[in-house]
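*Asks:* Got a sequence here, can you model it:
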Amino acid sequence: VQLQASGGGLVQAGGSLRLSCAHSGRTFSNYAMGWFRQAPGKEREFVAAIGWSDSLTYYADSVKGRFTISRDNAKNTVLLQMNSLKPEDTAVYYCAAAIRGVRFGASDYDYWGQGTLVTVSS
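*Replies:* From the prediction side, this is the model:
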């Protein structure tokens with residue numbers, strides 16, 4: 001499995017970005033997908049996850065109501081729509097795939113993308 005994250009960039013506080021993660025190599029719909037982020041000097045933290053279908057989504061409290069995770073199994077893609085961005089959202093964002101279903105710990109994911117940098121200016 002290979003994951004390719006994209007869509008990061010520089011945005012002002014209150015703005016929006018949409019991250020995309022392209023999945024290749026195995027049947028995409030067999031994997032739950034997650035987004036994590038890591039800010040400088042901090043541990044990698046859970047942001048959002050989605051089950052094999054769109055019906056199961058989970059969010060960290062810090063992003064609930066602002067971020068939306070979705071997936072398109074026909075396009076082998078998972079998206080993270082980020083609205084009302086705050087400076088504290090600044091981090092490298094990683095997508096990850098888990099064969100065993102939705103997980104919230106980074107160590108439970110089987111495959112990782114390379115990360116995309118999101119910078120939110122105040």
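
*Asks:* Please count neighbours and contacts with C-alpha atoms only from this point.
*Replies:* OK.

*Asks:* tell me, what residue is most central in the protein?
*Replies:* Centrality entry for the chain: nearest residue to the mean C-alpha point is residue 35, 2.4 Å, by Cα atoms, centre = their mean.

*Asks:* where does that one land in three-state SS?
*Replies:* When classified by DSSP: H, G, I helix; E, B strand; the rest coil, residue 35 comes out as strand.

*Asks:* ok, it - contacts?
*Replies:* Under the criterion of Cα atoms under 8 Å, 6 or more residues apart in numbering, the neighbours of residue 35 are 46-49, 80, 93-96.

*Asks:* So what would you say the end-to-end distance of stretch 2-13 is?
*Replies:* End-to-end distance of stretch 2-13 (Cα to Cα, to the nearest Å): 32 Å.

*Asks:* Contacts for that stretch next, please.
*Replies:* Applying Cα under 8 Å, 6+ apart, the set of residues contacting stretch 2-13 from outside is 17-25, 84-87, 94-96, 111-122.

*Asks:* redo that, cut-off 7 Å
*Replies:* For stretch 2-13, the external contacting residues (Cα atoms under 7 Å, 6 or more residues apart in numbering) are 18-25, 84-87, 94-95, 112-122.

*Asks:* And the contacts of stretch 88-100?
*Replies:* Residues from elsewhere that reach stretch 88-100, judged by Cα under 7 Å, 6+ apart: 5, 21, 30-39, 108-120.

*Asks:* Among those, which are located in strands?
*Replies:* 5, 21, 32-38, 111-112, 116-120 (DSSP state E).

*Asks:* ok, the closest residue to residue 78 other than its chain neighbours - how many residues close by?
*Replies:* In space, residue 78 comes closest to residue 71 once its chain neighbours are excluded; the distance is 4.2 Å by Cα to Cα, 6 or more residues apart in numbering. As a burial measure, residue 71 scores 22 neighbours (other Cα atoms under 10 Å).

*Asks:* what do you get for residue 43?
*Replies:* 9.

*Asks:* now residue 24
*Replies:* Going by other Cα under 10 Å, the residues that sit close to residue 24 add up to 14.
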